[in-house]
Each structure stands twice: as structure tokens, then as C-alpha cells.
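Enquirer: Next comes the sequence, and after it the predicted model I'd like to discuss.
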Amino acid sequence: MSDRLRDQAAIVTGGSSGIGKASAIALGREGAAVTVVYHGNREGGEEAAHAIEQAGGRAQVLQGNVAEEGDVTEIVSRTRSEFGTVDILLSNSGIQKDADFLDMSLKDWQAVISVNLTGQFLCARECLKVMCAQGVREGVSKAAGKVICMSSVHQFIPWAGHVNYAAAKGGVHLLAESIAQEFAPRKIRVNTLAPGAIKTAINEDVWQSEEGREKLMGMIPYQRIGEPEDVAEAVVWLASDDSDYITGATLVIDGGMKLYPSFREGG
């Protein structure tokens, strides 16, 4: 186990699968004590915690819905009770409920906005209260806190048939930049990660089929689909003092998808 994040406590929402699970394990292996938050997949959360403990770290697994204010306050409270503080938030929970725009129900619109955007607001707000109160802990981290908001390349790229998802991710982009601006004087850093196509359950139906993989390769100049660990390494870096002068930034992790590869041949 490394010690870049030694004596720090992290909360990872959506920590039972995919990017969240890989990131929780990576944070734990760097020395952070990790609260792994899951909604429905307790087994995946337990697996993440076990991997952290096997590496010599500390972890707890909590169930919660990030769209529910009471659940979020309870998660933060129990993290403080177990680990003493909150230094790092990876706000990662997300869902998709796709439909053509004219067929999209209000229920599905609200469900995605509630988890993917309101959930990030609630998690950031409650963790920032703790970070502001504790200030910089000398010898632990140069920052009083690190908030990492999980977005998507679709905070930039329109996505017909997924308007609720794209709208939420666009909101995450400016949510993160706005709170980065507000809390930088308090020595709290807020950054956004914008992954492209990553091998997770949310898009499994695409990358598991030969046709889907071929289509993705046409959109990814680097010619491979990302792995959750590609994003997890960036999470660790943004949580560490190695990135201390970075706040209000978006790190795109997409193998070049945002470069609009169809224009390589002149459009």
C-alpha cells in the first residue's frame, strides 16, 4: 500500500461497480480510509471494501440514495464517526433512462436529474461543510478538502436520445466550476472528470457486442475502450497533493472521443 493519501478519509458514491468501485479500491490502496456507498449492489460494495482491507487499508460500506438529503447527511455523519473527518469526495453515482425526446416521460427526466445532478449537489454541500470546518490539516494534505465530480464527455457533446443524461452532466460541469470558484479561498479544490466510453455496466450492451465495439472504435481515435482503472488513476491524482494547484478544471479521459474523429478526413 502506498501512502499518498495516508490519514485521509474518502467518500465514494456509486462505489459498488465500474468506475466507482475501481476508484474506491485505488484510493484505499493509496492510504485513504474509504466509505464505499452503494444503492442496490451491496455485494459489489463489500468486494471493494475487502480489496481495500486486503491491501492494508480501512473501509466501511454504507447504503444510500444520493438523491435523498437524509441519506447523504447520514453517510457524511457516519464517515466522520468512523474515520474522524472527510477529506475527499468522489461524487460518482449515476443512472441512465434513455428515450427519444418526445417519448421521454417526466418521471424519467426527473429520476436522472435527481441522481446525476441533485445528488452531486447534496454530496458536495454536506462534505464541504466538513471541509470548511476542519481547514487544512498540516502534514496530511495541502488542501482542506478535495471534491471530484464525475461527469462525462456529454457535458460537452450533445447526445440525442439521452437528453436527461446530457443535461445533468452539463449541469455537473458548471456546478463544479461554481463551487470551485467559491471555495478556492478556503483551500478546497473542486475538479471534474469527464470519461468517454469506459467498460462499465451502464454501457455493457454496447461494448460487449462486436457491432457495438466496431462502432465505438469509429469514435475513439486511440482505438481502445477505456477501463475503470484508467479513471481511477486520475481520481487518485486529483485527490493527492500532486495536483494541488488544480481546481475548477475538467480532465477528459476519452481516448480522443472529444476530438470529433469524423473530421480527420476533412469532415
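Expert: Noted; the coordinates are in hand.
Enquirer: Surely Thr250 is in contact with Ser152?
Expert: No: Thr250 lies out of contact with Ser152 (CB atoms under 8 Å); the separation is 10.4 Å. Heads up, the C-betas are built off the backbone N, CA and C, glycines and all.
Enquirer: can you give me the strands in the stretch 1-150 of the chain?
Expert: Using DSSP state E, counting those that start in this stretch, the strands of the stretch 1-150 of the chain run over 9-12, 33-38, 59-63, 88-91, 145-150.
Enquirer: The third one packs against which elements?
Expert: Using 3 or more CB pairs under 8 Å, 6 or more residues apart in numbering; DSSP states H and E as the contact test, the elements touching strand 59-63 are strand 33-38, helix 42-54, helix 69-83.
Enquirer: cutoff 6 Å now
Expert: strand 33-38, helix 42-54 (3 or more CB pairs under 6 Å, 6 or more residues apart in numbering; DSSP states H and E).
Enquirer: about what we covered before: could the strands of the stretch 1-150 of the chain go into a markdown table alongside mean neighbour count and mean pLDDT?
Expert: Formatted as a markdown table, those follow (neighbours: other CB atoms under 10 Å; pLDDT from 0 to 100):
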| stretch | mean neighbour count | mean pLDDT |
| --- | --- | --- |
| strand 9-12 | 29 | 98 |
| strand 33-38 | 28 | 98 |
| strand 59-63 | 20 | 98 |
| strand 88-91 | 30 | 98 |
| strand 145-150 | 27 | 98 |
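Enquirer: Mind putting these into JSON lines with distance to Phe183?
Expert: Formatted as JSON lines, these follow (distance: least, CB to CB, whole Å):
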{"stretch": "strand 9-12", "distance to Phe183": "17"}
{"stretch": "strand 33-38", "distance to Phe183": "21"}
{"stretch": "strand 59-63", "distance to Phe183": "25"}
{"stretch": "strand 88-91", "distance to Phe183": "12"}
{"stretch": "strand 145-150", "distance to Phe183": "8"}
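Enquirer: To Phe156, which of the helices and strands packed on strand 59-63 lies closest?
Expert: With CB to CB as the measure, strand 33-38 is the member of those nearest Phe156 (27.1 Å).
Enquirer: That closest one to helix 42-54, inter-axis angle?
Expert: With axes from the mean of the first three to the mean of the last three CA atoms, to 10 degrees applied, the angle from strand 33-38 to helix 42-54 works out at 170 degrees.
Enquirer: Give the pairing partners of strand 33-38; include direction for each.
Expert: Sheet pairing of strand 33-38 (DSSP bridges) gives strand 9-12 (parallel), strand 59-63 (parallel).
Enquirer: Name the nearest residue to Ala132, ignoring sequence neighbours.
Expert: In this structure residue 132 is Cys, not Ala. Closest residue to Cys132 apart from its sequence neighbours, by CB to CB, 6 or more residues apart in numbering: Arg186 at 5.5 Å.
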